[in-house]
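[1] Task: produce atomic coordinates for the following.
(2 chains)
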Number of protein chains: 2
Amino acid sequence: MKLYGYWRSSAAYRVRIALNLKDLAVEHISVHLVNNGGEQHRQAFKQLNPQALVPALIDANDQHHHCITQSMAIIEYLNEQYPRTPLLPQDAYSRAIVRSMAQILACEVHPLDNLRVLQYLVGEMDVTQDNKMRWYHHWIHQGFAALEALLQQHSGQYCFGDNVSLADLCLVPQVYNAKRFNVDLSAYPNIVRVDNACMQLPAFQQASPEMQPDAN
Amino acid sequence: MKLYGYWRSSAAYRVRIALNLKDLAVEHISVHLVNNGGEQHRQAFKQLNPQALVPALIDANDQHHHCITQSMAIIEYLNEQYPRTPLLPQDAYSRAIVRSMAQILACEVHPLDNLRVLQYLVGEMDVTQDNKMRWYHHWIHQGFAALEALLQQHSGQYCFGDNVSLADLCLVPQVYNAKRFNVDLSAYPNIVRVDNACMQLPAFQQASPEMQPDAN
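    Sure, this is the predicted structure:
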């Protein structure tokens, strides 16, 4: 299995955790999102993924060596193909809650706060550095407040009950990111607690940005 | 079944199409996102969905009357609970491609171009109206270029082969939105073709914004 990623990409981080939880051996190929104007824009990578985004996965067990993109699609694929350590609960309603938690982060927070959007705000929209930070904090707080409410209802040791799920795979990279930008997390005790619980697990520890070979 | 939505919400539009394709009777409850400062911020609605976002679904067949939020989680739930007219293909790789197409729109385009983000850009980031429109067009073009490349490879009559899928449910509302903002779609012949094919189907026609009782 080959994963095209980048140490600080939250979306790649989610997939790394999934691969570790499922104990799948993987070759990590670094696509540096900053150096050389962003290696994701190189023609060779764009042939693989026209979106010029990481992560992208090639499953060696797939005889056609198809490339799968978009972190949530990759994780659903891994979960279907490699059922050990399931990342979604058994019943449909519980799965919906887990996916809903995941999508609060994947569809409402991360798309607004990732590197290329922050760069575009400053570079093209004439937004000041101060306002860029306000923007970042605003969307994190919007999403975390919503997620915290769901965790109050549904969390156990992890986001949904006592089993690790897709929601935890999205939460940990987003908390990592929030800490990096000095977001005050004191209003989100459940988010902080679940993040700490996840970070006790080797699968999460080994997926963390600083543990990646391309970290700098 | 009760769907809390808004006629112009792209995310609610996706769910309306899914409900129609699965021939599920539904009571539509309008949450006006503009009038009265945005009815989604009212306490009664926030008790239902702390995210203060539409769509939100209550499945009458669920004895607990749980509320499910986030359009993609809702659609996956409907697809699991009501398997007729499946919205995902049979094999895992094909499902991954369909989800990947859907997520290009749901995670890379729509979150950046929806009403609350455009309002925040102008109201809080001091972005000009001209720059707001440049922002809107930029992210649509980024996403549509990526999707067009996938459609070249995988589309038939619809986004993925000749069966309607989750990808089409995301594509049609996004094209509707793009047309509203006068985005030039000439570089995306497959997107335009698939959108036209979908709009021949009553399930899509009846889900369109102008057909909703709260359209104004």
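[2] From chain B, how far out is A:V109?
    9 Å (Cβ to the nearest Cβ, to the nearest Å). Every residue, glycine included, has its C-beta placed from N, CA and C.
[3] Can you name the residues that contact that residue?
    If you count contacts by Cβ atoms under 8 Å, 6 or more residues apart in numbering or on different chains, A:V109 has them with A:W139, A:I140, A:Q142, A:G143, A:F144, A:Q174.
[4] how close does it sit to A:H138?
    10 Å (Cβ to Cβ, to the nearest Å).
[5] Dump the least confident helix or strand in chain A by mean pLDDT to PDB, restricted to CA.
    Counting by mean pLDDT, DSSP states H and E, chain A has its least confident helix or strand at helix A:43-48, which shows a mean of 84. Provided in PDB are the C-alpha atoms of helix A:43-48 (Å, rounded to 0.1, in the frame of the first residue of the first chain):
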ATOM      1  CA  GLN A  43       2.700  17.200 -13.300                       C
ATOM      2  CA  ALA A  44       3.600  13.700 -12.100                       C
ATOM      3  CA  PHE A  45       1.500  14.000  -9.000                       C
ATOM      4  CA  LYS A  46      -1.300  15.700 -10.700                       C
ATOM      5  CA  GLN A  47      -1.500  12.800 -13.100                       C
ATOM      6  CA  LEU A  48      -2.100  10.600 -10.100                       C
END
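[6] What residues of it count as buried?
    The neighbour-count check on helix A:43-48 (16 or more other Cβ atoms under 10 Å in any protein chain shown) flags A:F45, A:L48 as buried.
[7] gap between it and the chain center?
    On the basis of Cα atoms, centre = their mean, to the nearest Å, helix A:43-48 sits 22 Å off its chain's mean C-alpha point.
[8] that older thread, how about the contacts of A:V109 in CSV, adding neighbour count?
    Shown next, in CSV, are the contacts of A:V109 (neighbours: other Cβ atoms under 10 Å in any protein chain shown):
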residue, neighbour count
A:W139, 21
A:I140, 24
A:Q142, 19
A:G143, 22
A:F144, 25
A:Q174, 25
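[9] hmm, back to that, can you tell me what sits against the least confident helix or strand of chain A?
    So helix A:43-48 is contacted by A:Y4, A:V31, A:E39, A:Q40, A:A52, A:A56, A:C67 (Cβ under 8 Å, 6+ apart).
[10] Between which two of those residues is the distance greatest?
    A:E39 and A:C67 (16.2 Å; Cβ to Cβ).
[11] packing partners for the longest helix anywhere in chain A?
    For chain A, the longest helix by residue count, based on DSSP state H, is helix A:129-154. Using 3 or more Cβ pairs under 8 Å, 6 or more residues apart in numbering or on different chains; DSSP states H and E, the elements in contact with helix A:129-154 are helix A:92-103, helix A:110-113, helix A:115-125, helix A:166-180, helix A:189-198, helix B:115-124.
[12] For chain A, give me the ranges with low pLDDT.
    Of all residues in chain A, none has pLDDT under 70.
[13] Tell me who's in contact with the most far-flung residue of it relative to its centre.
    Distance from the C-alpha centroid of chain A, by Cα atoms, centre = their mean, peaks at A:D126 (28.1 Å). By Cβ under 8 Å, 6+ apart, A:D126 lies in contact with B:V127, B:N131.
[14] correct me, but A:A167 touches A:M101?
    Yes: using Cβ atoms under 8 Å, A:A167 is in contact with A:M101, at 3.8 Å.
[15] shared neighbours, these two?
    With Cβ under 8 Å, 6+ apart, A:A167 and A:M101 have common neighbours A:C159, A:F160.
[16] Of all the helices and strands packed on helix A:129-154, which one comes closest to B:S186?
    Comparing the helices and strands packed on helix A:129-154 by their distance to B:S186 (Cβ to Cβ), the top pick is helix A:115-125, with 23.1 Å.
[17] Can you name the residues in contact with that closest one?
    Contact with helix A:115-125 is made by A:8, A:33-34, A:111, A:127-129, A:131-132, A:135-136, B:112, B:121, B:125, B:127, B:131, B:134-135, B:138, as judged by Cβ under 8 Å, 6+ apart.
[18] Which of the residues you listed are buried? Put it as a PyMOL command.
    Here is the PyMOL command that selects the buried residues among the contacts of helix A:115-125 (16+ other Cβ under 10 Å):
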select buried, (chain A and resi 8+33+111+127+131+132+135+136) or (chain B and resi 112+121+125+127+131+135+138)
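[19] how deep is the nearest residue to A:G156 once chain neighbours are set aside tucked in, by neighbour count?
    Using Cβ to Cβ, 6 or more residues apart in numbering or on different chains and skipping residues adjacent in sequence, the residue nearest A:G156 is A:D162, 4.2 Å away. Applying other Cβ atoms under 10 Å in any protein chain shown, we find 9 other residues in the vicinity of A:D162.
[20] ditto for A:Y120
    With other Cβ under 10 Å as criterion, A:Y120 counts 17.
[21] what do you get for A:Q157?
    Neighbourhood size, A:Q157 [other Cβ under 10 Å]: 14.
[22] do A:I97 as well
    A:I97 has 26 nearby residues by other Cβ under 10 Å.
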